[in-house]
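Visitor: Based on what follows, work out the 3D shape:
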Amino acid sequence: MPIPSRLGILRDPDFGRLFAATALGQLGDRIIFLALPLVAIVALNADEFQVGLLAAMTTAGSLLVGLPAGAWVDRMRKRSVMISTDLARAVALLTIPVAWWSELLTIWWLYAVALVHGVLTVFFDVAYVSYLPHLVGRSNLVEGNSKLSAIRSVTSISGPGMAGPLVGWLGAPVTLLVSSVGMAMSGLLATGIRKREQKPESSEHPQLFREIKEGLKFVLKHPVLRAIILGDAIFNLFLVMYQTMLLVFLEREMNLDSFGIGLILSGMGCGALLGALSATRVSKRVGQGPVIWLAPLVTCPLTALMPLAHPGWSVHVAALGLASLSLGGVIRFVAQSSFQQTLTPDRILGRMSATARFVSWGGIPLGGLLGGASGAVFGAKATLWIGAVGMTSSIIPYFLSPLRSMRELPKGEDPELVG
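Guide: Down below sits the predicted model:
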């Protein structure tokens, strides 16, 4: 196969810049995933509930601004939103090593930064999802989502792999400086994207609540979109419960250091990369609809291997279960993201993305709190069991919807008339 055909839309300079910006931003984000809770666990000696509360603060932005973010983003150029939020997140993260060097760092400082970073991430993600159809065209959405998922997966491997040694060498607070640099470079790279959107026409009397209602009504009335966000909501709630206690379990019960934890998280990234590389092929073979519920059905139960593990070789076997979870998650994400973007009119892409995020991510702060509370009462191992069972149950809304047998999106469907 000639190289140009393998590159596909990567030959487009603007998509290439978005691809590179995604790589740097996601690299910073993956380092945050390991380093931020380790700042609390190791540098500040936080207990299980405080770690859970930190996880809740990280994702509370979806509840606080999830719905209005979509309406606001639909009034703005998405590229500008992505650039400004990347740079603002870089500044917020920079305050943690500065506070640590100044001996001012507290758990409350971490809560505040996590909340600000999470709110900015909501705006970034809503703009990012809404911008892709404009940049690559609806006919290239599956390929675009697949390639962006692939680079996110690569950073899921390299990020924890870098973060583990960096935390051991520099300490968790200083490691966040690398994340700040990655976010800043992502924003600067995005400034080079030349394909600009027309500024959305602004209403003389914009009505925020009416616009939010329109987005909610469109998503919740559509059987496919409704099933996707409800399945995501269940999955994300229990995933965060699981993840909240995973680091505690690995560090305190499996006696792993930051390097060992980083290797396990890198293994999850390997699974995600394999999922991204095979997503298009698997979707064509199985069907875009069935793959959305088959992927979690096959891979989520394997996360039960981790609470069955003991210090030693069984931890590495359990890590394969986490890698499988990532593989299935990316395959599902590519298929359902393409469904969502194709079924939604351009004028409400931001509101669709924000509504989907609000519903499917709204339970994530609750998941962090429940994970912390469950860990404090029942222990980290029991919480991992609860998370594994809950993630597997997320297939129910998918299976009860048209996705059960919908092999691909109906051709010729006009998104302006759907819903």
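
Visitor: Going by C-alpha atoms from here, please, whenever you check contacts or count neighbours.
Guide: Noted.

Visitor: residues making contact with stretch 113-129?
Guide: The list of residues contacting stretch 113-129 from outside it, by Cα atoms under 8 Å, 6 or more residues apart in numbering, reads 54, 57-62, 64-66, 69-70, 73, 78-79, 81-82, 85-86, 88-89, 92-93, 96, 341, 349-350, 353-354.

Visitor: What of stretch 89-107?
Guide: For stretch 89-107, using Cα under 8 Å, 6+ apart, the contacting residues are 40, 44, 46, 109-110, 113, 116-117, 120-121, 173-177, 179-184.

Visitor: Tell me which other helices or strands the one helix or strand H316 maps to touches.
Guide: Secondary structure from DSSP states H and E places H316 in helix 313-343. When contacts are defined as 3 or more Cα pairs under 8 Å, 6 or more residues apart in numbering; DSSP states H and E, helix 313-343 packs onto helix 107-136, helix 141-170, helix 258-286, helix 288-299.

Visitor: mind redoing it with 10 Å?
Guide: In this structure, helix 313-343 packs against helix 107-136, helix 141-170, helix 223-248, helix 258-286, helix 288-299, helix 349-361, with contacts taken as 3 or more Cα pairs under 10 Å, 6 or more residues apart in numbering; DSSP states H and E.

Visitor: Enumerate the positions of it that are buried.
Guide: 315-316, 318-343 (16 or more other Cα atoms under 10 Å).

Visitor: Likewise for stretch 247-257?
Guide: Of the residues in stretch 247-257, L247, V248, F249, L250, E251, M254, L256 count as buried by neighbour count, 16+ other Cα under 10 Å.

Visitor: Also stretch 134-148?
Guide: Along stretch 134-148, these residues count as buried under the neighbour rule (16+ other Cα under 10 Å): L135, V136, N140, L141, V142, E143, G144, N145, S146, K147, L148.

Visitor: show me where pLDDT drops low in the protein?
Guide: Within the chain, the stretches falling below the threshold (pLDDT under 70) are 1-8, 138-139, 142, 153, 156-161, 163-164, 168, 199-206, 407-419.

Visitor: Compare the helices and strands packed on helix 313-343 and give me the one nearest P402.
Guide: Evaluated over the helices and strands packed on helix 313-343, closeness to P402 peaks at helix 223-248, with 6.5 Å, by Cα to Cα.

Visitor: residue contacts, L54?
Guide: 36-37, 40, 46, 48, 60, 107-108, 110-115, 244, 365, 368-369, 372 (Cα atoms under 10 Å, 6 or more residues apart in numbering).

Visitor: filter those residues to the buried ones?
Guide: Neighbour counting over those (16+ other Cα under 10 Å) leaves 36-37, 40, 46, 48, 60, 107, 110-111, 113-115, 244, 365, 368-369, 372 as the buried ones.

Visitor: circling back to that earlier point, adding distance to P311, write the buried residues of stretch 134-148 out as CSV.
Guide: As requested, those are arranged in CSV below (distance: Cα to Cα, whole Å):
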residue, distance to P311
L135, 48
V136, 47
N140, 46
L141, 44
V142, 41
E143, 41
G144, 41
N145, 38
S146, 36
K147, 37
L148, 36
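
Visitor: Show me which of those is closest to F358.
Guide: N145 (20.7 Å).

Visitor: Ignoring the adjacent residues along the chain, who's closest to that closest one?
Guide: The spatial neighbour of N145 that comes closest, neighbours along the chain excluded (Cα to Cα, 6 or more residues apart in numbering), is V334 at 5.8 Å.

Visitor: now K78
Guide: Looking at K78 with Cα to Cα, 6+ apart, the closest residue is A127, at 4.8 Å.

Visitor: and that neighbour, how far is that from T175?
Guide: A127 sits 28 Å away from T175, going by Cα to Cα, to the nearest Å.

Visitor: Name the residue in the two with the higher neighbour count.
Guide: A127 (30 against 27; other Cα atoms under 10 Å).

Visitor: From A69, how far off is that one?
Guide: 9 Å.

Visitor: Mutual contacts of these two, please.
Guide: Common neighbours of A127 and A69 (Cα under 10 Å, 6+ apart) are G350, R351, S353, A354.

Visitor: As a markdown table, those residues with distance to K213 and neighbour count would be great.
Guide: Output for these, formatted as a markdown table (distance: Cα to Cα, whole Å; neighbours: other Cα atoms under 10 Å):
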| residue | distance to K213 | neighbour count |
| --- | --- | --- |
| G350 | 13 | 32 |
| R351 | 9 | 32 |
| S353 | 14 | 27 |
| A354 | 12 | 33 |
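
Visitor: quick one: which of those residues is nearest P397?
Guide: Using Cα to Cα, the shortest approach to P397 within those belongs to S353, at 18.8 Å.

Visitor: For the closest one, give me its contacts.
Guide: With contacts taken as Cα under 10 Å, 6+ apart, S353 has the following neighbours: 66-67, 69-70, 122, 125-130, 215, 219, 337, 340-341, 344.

Visitor: ok, now how distant is it from S149?
Guide: Here the criterion is Cα to Cα. By it, S353 lies 17 Å from S149.

Visitor: Same check on N236?
Guide: Relative to S149, N236 is positioned 18 Å away (criterion: Cα to Cα).

Visitor: Over to R351?
Guide: The spacing between R351 and S149, counted by Cα to Cα, is 22 Å.

Visitor: and what of V39?
Guide: With distances defined as Cα to Cα, the gap from V39 to S149 amounts to 28 Å.

Visitor: what's the distance between stretch 264-275 and the middle of its chain?
Guide: A distance of 14 Å separates the centroid of the chain from that of stretch 264-275, by Cα atoms, centre = their mean, to the nearest Å.

Visitor: Ok, stretch 124-140 next?
Guide: In this view, stretch 124-140 has its centroid 16 Å away from the chain centroid, taken as Cα atoms, centre = their mean.

Visitor: again, but for stretch 183-190
Guide: In terms of Cα atoms, centre = their mean, the centre of stretch 183-190 is set 18 Å apart from its chain centre.

Visitor: now swap in stretch 59-67 and tell me
Guide: If you compare the mean C-alpha spot of stretch 59-67 with that of the full chain, they lie 14 Å apart, counting by Cα atoms, centre = their mean.

Visitor: who's in contact with it?
Guide: With Cα under 10 Å, 6+ apart as the test, stretch 59-67 has contacts from 54, 69, 114-123, 126, 208-209, 211-213, 215-216, 240, 350-368.
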